[in-house]
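[1] I would like the atomic coordinates for the input below:
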Amino acid sequence: MGKLFYVMGKSSSGKDTIYAEMLERKELGLKPFIMYTTRPIRARETDGVQYHFVTIEKLREMQEKGQVIELREYDTVYGKWYYFTADGDTIDMDRHNYLALGTLVSFQKLRDYYGADRVVPIYIEVADGNRLARSMKRERKQAVPNYEEVCRRFLADQKDFSEENIRKAGIVRRFRNDDDRQICMDEVAAFIEKEISHS
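    Numbering: from 1, shown residues only. This next block holds a predicted model:
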């Protein structure tokens, strides 16, 4: 029976880098569980890697077909952006282990959909000051930096990933990513290996 390892954390916690590293570690044998978004693709992103980047029309079409498991709407300075998870024909949880990346809310919906015994949380944690500094550094690399959006995301994450919400989601284990990223990645990999060996 396969498992879905779900990486999450506030913005600029390093979750994208950790997600990519876990997929590259062939010994783990993880397949990507790729989610969808209607937001514009960012610099250094690739369609079908970080997300499936789709139009709102495509989202509506998938909703009509009953393929959407969960859907989140964000009111950004650019307008409404949607992030969602769909159960497509590329997922075979009976034969493979998967790795997903997303939010606390989507983790809970996937856990409810597939079962708590099959969806395993990997929560990445970074001190707020470090996260804000990383967010600003990343935004400077964009063609048109938008610092207002950085601030909006930072504040939204404080609310979305509140201690109360983390507790309600049943997340106990946390992985610190403030200093040596390699140590954090090795800890996550060891945790995944142990979970797979016990399934």
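
[2] contacts, neighbours, all on C-alpha from now
    Will do.

[3] and Ser12, how many neighbours?
    22 (other C-alpha atoms under 10 Å).

[4] for it, report the pLDDT, please.
    Listed pLDDT for Ser12 reads 91.

[5] Ala43 now?
    88.

[6] next one: Arg72
    87.

[7] any idea which element it lies in?
    strand 68-76 (DSSP states H and E).

[8] all strands of the protein, in order?
    In the chain, the strands defined using DSSP state E lie at 4-8, 30-33, 36-37, 52-53, 68-76, 79-86, 97-102, 119-125, 174-176.

[9] tell me the most buried of those?
    strand 4-8 (a mean of 24; mean count of other C-alpha atoms under 10 Å).

[10] listing partners with orientation, what would you give for it?
    Using DSSP bridges, strand 4-8 pairs in its sheet with strand 97-102 (parallel), strand 119-125 (parallel).

[11] pipe those into JSON lines and attach mean pLDDT and distance to Val49 per row.
    Output for those, formatted as JSON lines (pLDDT from 0 to 100; distance: least, C-alpha to C-alpha, whole Å):
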{"stretch": "strand 97-102", "mean pLDDT": "93", "distance to Val49": "11"}
{"stretch": "strand 119-125", "mean pLDDT": "97", "distance to Val49": "19"}
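
[12] can you list these in CSV and add distance to Tyr6?
    What follows is the strands paired with strand 4-8, written out as CSV (distance: least, C-alpha to C-alpha, whole Å):
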stretch, distance to Tyr6
strand 97-102, 5
strand 119-125, 5
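
[13] so where's this structure shaky on pLDDT?
    88-90 (pLDDT under 70).

[14] max-length helix in it?
    helix 181-197 (DSSP state H).

[15] what does that helix rub up against?
    3, 5, 18, 21-22, 28, 122, 175-177 (C-alpha atoms under 8 Å, 6 or more residues apart in numbering).
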